[in-house]
Structure formats: structure tokens, C-alpha cells
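Student: Make a model of this:
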Amino acid sequence: MITTLIATKVLTKIVEKPEIIGEIVESLGAMPNIPTPTMGGKVFWTDLANVNGWRIQQNTIFKNCRIIDPNNIRRAWGGETAMLKIFKKILES
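Tutor: Got it, this is the predicted structure:
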């Protein structure tokens, strides 16, 4: 499972430079993402980290993860392994 510490570090970088998500997701060939409004994930999602309104969440049933911006727009999503690759790339940039 993604640790809260790693998730918090990633979100801190995203807050500083939000365009990094699209660049990295694209470069890794991760799941295609159309920025989509969400309902905030109050029912089926667990927040793994929250920094300045940016959240990394994990689905309580399917265990996939997503990154949500302060306006509840999904910016990236995929399995935990894919998200870990994205997080690692964000931390390296």
C-alpha cells in the first residue's frame, strides 16, 4: 500500500507544479485520463494523503488509486503499481 509519507511528498510537489502530473502520466504510458469531476470520494474512497486540497485516494472496493485536485477533478488514476511509478517519477523531478 502507498504510504502516507510518500503520498504527502508527492502531493507537495504537485501543489508546487501541478502540470507535472499530465507530463509524467503521459511519459509513462499510464491509464489515459480525461480530467473528470468527482463527487469527492466520500463513500468508496479513502484519502491516503491530503496536501492543500490535493488528495491521493484509494478505492475501498477495487483498490485502484487516483489523484484529485482541490476542485475535485481527477488528474490521474490507475492501479497502485502505476500510481507508485508516477509518484516515484514526480519525486525525482
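
Student: From now on I want contacts and neighbour counts done on CA atoms only, so please keep to that.
Tutor: Will do.

Student: Look up which helix or strand the residue nearest the centre of the chain falls in, please.
Tutor: What sits nearest the mean C-alpha location of the chain, by Cα atoms, centre = their mean, is Ile67, with 2.4 Å. In the assignment (DSSP states H and E), Ile67 maps to strand 65-68.

Student: which is the next helix or strand following that strand?
Tutor: Downstream of strand 65-68, the next assigned helix or strand under DSSP H and E is strand 73-78.

Student: Dump that next one to PDB, restricted to CA.
Tutor: Only the C-alpha atoms of strand 73-78 are listed here, as PDB (Å, rounded to 0.1, in the frame of the first residue of the first chain):
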ATOM      1  CA  ILE A  73     -11.200  16.900 -10.600                       C
ATOM      2  CA  ARG A  74      -9.500  13.600 -11.200                       C
ATOM      3  CA  ARG A  75      -6.000  14.300 -12.600                       C
ATOM      4  CA  ALA A  76      -4.600  10.700 -12.700                       C
ATOM      5  CA  TRP A  77      -5.700   7.200 -11.900                       C
ATOM      6  CA  GLY A  78      -4.700   3.600 -12.100                       C
END
